[in-house]
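Visitor: Pasting the sequence and the predicted model now:
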2 protein chains.
Amino acid sequence: MLNKPSIPKGTRDFLPAEMAGRNYIFQTITNVFSLYGYTPIETPAMENLSTLLGKYGEEGDKLLFKILNSGDFLSKVPSGEYFRDSNKLSFKICEKGLRYDLTVPFARFVAQHKNSLTFPFKRYQIQPVWRADRPQKGRYREFFQCDVDVIGSNSLFNEIELGQIIDDVFTGLNVSCDVKINNRKILAGIVDLVGESGKFNQIMTAIDKMEKAGRENVIMELRDKGLSSESIEKIMSFIGITGSNKQKLNSLISMLQESEAGVKGAEEVEFLFNNLEKLDLQNDFTFDVALARGLDYYTGTIFEVKAKDAEIGSICGGGRYDNLTEMFGLPDVSGVGVSFGADRIYDVMIQLNAFPRELLTTTKLMFTNFGEKEAAFSLSVLEKVRKAGVSAELYPETVKMKKQLSYAHRRHIPFVALVGETELKEQLVTLKNMETGTQEKISPAKLIEKLTS
Amino acid sequence: MLNKPSIPKGTRDFLPAEMAGRNYIFQTITNVFSLYGYTPIETPAMENLSTLLGKYGEEGDKLLFKILNSGDFLSKVPSGEYFRDSNKLSFKICEKGLRYDLTVPFARFVAQHKNSLTFPFKRYQIQPVWRADRPQKGRYREFFQCDVDVIGSNSLFNEIELGQIIDDVFTGLNVSCDVKINNRKILAGIVDLVGESGKFNQIMTAIDKMEKAGRENVIMELRDKGLSSESIEKIMSFIGITGSNKQKLNSLISMLQESEAGVKGAEEVEFLFNNLEKLDLQNDFTFDVALARGLDYYTGTIFEVKAKDAEIGSICGGGRYDNLTEMFGLPDVSGVGVSFGADRIYDVMIQLNAFPRELLTTTKLMFTNFGEKEAAFSLSVLEKVRKAGVSAELYPETVKMKKQLSYAHRRHIPFVALVGETELKEQLVTLKNMETGTQEKISPAKLIEKLTS
């Protein structure tokens, strides 16, 4: 049976050069998370569909990858009518799905393990998620999220910390960013003052499209949702506020006086910015009243990060949620977190040429192979080289020197140890610097000294 | 909607303490792979079912998790007869499956990307795999494999290297092991001499059960497969050979004289052991003629590793395969590799108490929170502490000291910086050693010096 090798659309293989870049991103992010005292958890790729369904809206439910039940799954299907409706049938023959994000599994995890966790619980989680989305540039069906959350504390010091984490990660990755911050309570206040509280989530979804779809389309959508011209104008005047962070806050606080929630939100933003300003941050933090975030579950601070010099959507985002674990039987637990999109960050860093040059080097030293005896001597030297922590290998085949050197060259190996008859007799190696081409015959001890200094 | 939180059977959540142990294993393994010049790749969790089917035997096919096609999958089902047969229907409504191991995806990867790879290609791959197996102790439906392979070289120096890698990994993990080695060519020679070459794979499957099922059951299975008593006795006399590695090899070489393959296999084992003996290995390497390995695709050296002092199956295994990429259109490429079972290694290390003690420590320093002003001062000190590379955090809530210290204690945080009114006024911190209980009031500069020395 001969298959033309291929993989499902929207998924990707990663070759060593891409892995080097990806691992650099994961390592940088992990180091920052650890520096702030967050510890890792992992959850299974498969969750029960009952855990996932109804958490991501109707559209989200459609994008879940469902796993077919094992064995004779048809025995659970009660009657023929199911065979006329794919959607209806799918829930009879599938009990599990691939996770769609890391937030809902995290809420499930916290509720399930609440007695084993120390609260406030600071966790990070770096795992792939899957969405049956239409594949297109920058949008994949399998991609990694890097989530960092504190749950069990409603202190705004958590938001400050997340701001610092965002700043440290992108400074570490050498990507300049705009970090936009808003607060859902401000938006609730605005909607409240307009008298449209019942349509809060719909209004958020519309406002969230401001940057992508433009002001005119947002107004059109709000009109379609049944808002009056007056209401729309009022909303637009709020979210169109300009000036410095401080100026915007001052205007808002006076405009929102009549809304308790609105004032509370503005004060939270004020506290956050007052503290962030005292810190030595490298990226731009902006208060943006028009930032809404699409997801229903945010209740306080919201974050969104974009790379300054790259044309791509948001590369990090998140916010505070007050009721996420409630649907798993654990009410009154507030949390806040952000998610870094590793795949988009990778794309940005490629665009900006932001990766360090030396990432590609792997093996530092290769021994040539000119015969069994020479190779056996090389093995004994190799053992010492590796004990000294130097990544090294023996070319496995006895083939022409040219072929061996060409392999070293293509793999970006900077040093080659030539071991021929003469070297074997003298118990020395000839060290070749692949960049300069210079060679010198030295002892194994001297070789190790050179490579570790 | 209220869900009692749970996860699919056979899958697991990992809490921070377990993650610390697991990451220690992955890190140790990765470091060794890198030290030998292997570079990482990753493949998608989902593969086309056509890639996976027919590679793992009939039993394996049944254990694949299949992904339901998105959208109106029923429109692809031609007639009602499919609705009476789960197995038949499944292939009409599923085109993708979760990967069952890393070897077949690797073979697919090599064939697909052959023009972008440098051969011999040395790769490692650490990713989860999924099997719809009956869950039981030590057997999970989602587990990690850590595979390391060289492909595109039939030199036995690769086998030597894999032996060293196995030795380095388990030495690094502090787990003493028995490493058993055999060669499929020897087994082919034996089966050949017995005159049962047509039943090679069936005989391998039977012999593979020797340790688990016992000699009597293997004999019974061979009889069921239609082998004569004489053949069975002959096979048993071969695989029952005793003595030192050298003695066993000498006996075999003379017993196998009539079989070219058999002699070749014995010579390969001899070469491998001659070279391994010259190296400074910490684990026991044994030539075991009864080692067969269940999988069909091995053609040369085979490896199997068991922990010496733990009751558990093999924790690492592999071997040489000559035709694995052929089914993806790339013939005549020989490869050899081994796979480390991270989940079983974890279980072994828990049994043997082999993890280093300090793994659990995460945050090194926690600042107490006695109010907004004190916390703001702590934030400025924290910024410097983290710049010095010390993992540190601020307790987010202003609550009683006892509660804050109890949090630090439960999280194994070794140092706490107390910052109250007095410290704020003097711009100092009181550093408390959580183990000894001693306290001292020091400057931020002195604090950093203490924590980094």
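Guide: Here it is on my side, so go on. Residues are numbered from 1 along each chain as shown, chains lettered A, B, ... in the order given.
Visitor: nearest residue to A:Ser197 other than its sequence neighbours?
Guide: The shortest distance from A:Ser197 to any non-neighbouring residue, by C-beta to C-beta, 6 or more residues apart in numbering or on different chains, is to A:Val191 (5.7 Å). Using the backbone N, CA and C atoms, a C-beta is placed for each residue, glycine as well.
Visitor: One more: A:Val416?
Guide: Spatial nearest neighbour of A:Val416, excluding adjacent residues (C-beta to C-beta, 6+ apart): A:Lys432 at 4.5 Å.
Visitor: you'd agree that neighbour is in a strand?
Guide: Yes: secondary structure of A:Lys432 (DSSP: H, G, I helix; E, B strand; the rest coil): part of a strand.
Visitor: ok, the closest residue to A:Met434 other than its chain neighbours - contacts?
Guide: Leaving aside its chain neighbours, A:Met434 sits nearest to A:Pro414 (5.5 Å; criterion: C-beta to C-beta, 6+ apart). Counting by C-beta atoms under 8 Å, 6 or more residues apart in numbering or on different chains, A:Pro414 makes contact with A:361, A:364-365, A:433-435.
Visitor: Mark which of the residues you listed are buried, thanks.
Guide: Buried members of the contacts of A:Pro414, scored by 16 or more other C-beta atoms under 10 Å in any protein chain shown, are A:364-365.
Visitor: Out of the contacts of A:Pro414, which comes closest to B:Gly54?
Guide: Comparing the contacts of A:Pro414 against B:Gly54 with C-beta to C-beta picks out A:Thr361 as the nearest, at 39.9 Å.
Visitor: how about the residue in the stretch 201-350 of chain A that chain B sits nearest to, phi and psi?
Guide: Closest residue of the stretch 201-350 of chain A to chain B, C-beta to the nearest C-beta: A:Phe328 (4.4 Å). The phi/psi pair for A:Phe328 (degrees, to the nearest 10) reads phi -110, psi 20.
Visitor: okay, now it: neighbour count?
Guide: For A:Phe328, the count of nearby residues is 21 (other C-beta atoms under 10 Å in any protein chain shown).
Visitor: was I right about it contacting A:Pro105?
Guide: No: A:Phe328 is beyond contact range of A:Pro105, at 10.4 Å (criterion: C-beta atoms under 8 Å).
Visitor: Residue ranges in the stretch 1-150 of chain A under the pLDDT threshold?
Guide: Scanning the stretch 1-150 of chain A for pLDDT under 70 picks out A:1-3.
Visitor: what are the ranges of the strands in it?
Guide: Taking DSSP state E, counting those that start in this stretch, the strands of the stretch 1-150 of chain A run over residues A:39-40, A:46-48, A:66-68, A:94-98, A:121-130, A:142-151.
Visitor: ok, and what's touching the third one?
Guide: Contacts of strand A:66-68 with the rest of the structure, by C-beta under 8 Å, 6+ apart, involve A:46, A:49, A:90, A:93-98, B:65-68, B:90, B:93-94, B:98.
Visitor: Could you rerun that using 7 Å?
Guide: With contacts defined as C-beta atoms under 7 Å, 6 or more residues apart in numbering or on different chains, strand A:66-68 is touched by A:46, A:49, A:90, A:93-94, A:96-97, B:65-68, B:90, B:94.
Visitor: again, but for the second one
Guide: Strand A:46-48 is contacted by residues A:67, A:95-99, A:105, B:6-8, B:11 when judged by C-beta under 7 Å, 6+ apart.
Visitor: near chain B at all, stretch A:165-182?
Guide: No: Stretch A:165-182 is not in contact with chain B by C-beta under 7 Å from any C-beta of the partner chain; minimum separation 7.9 Å.
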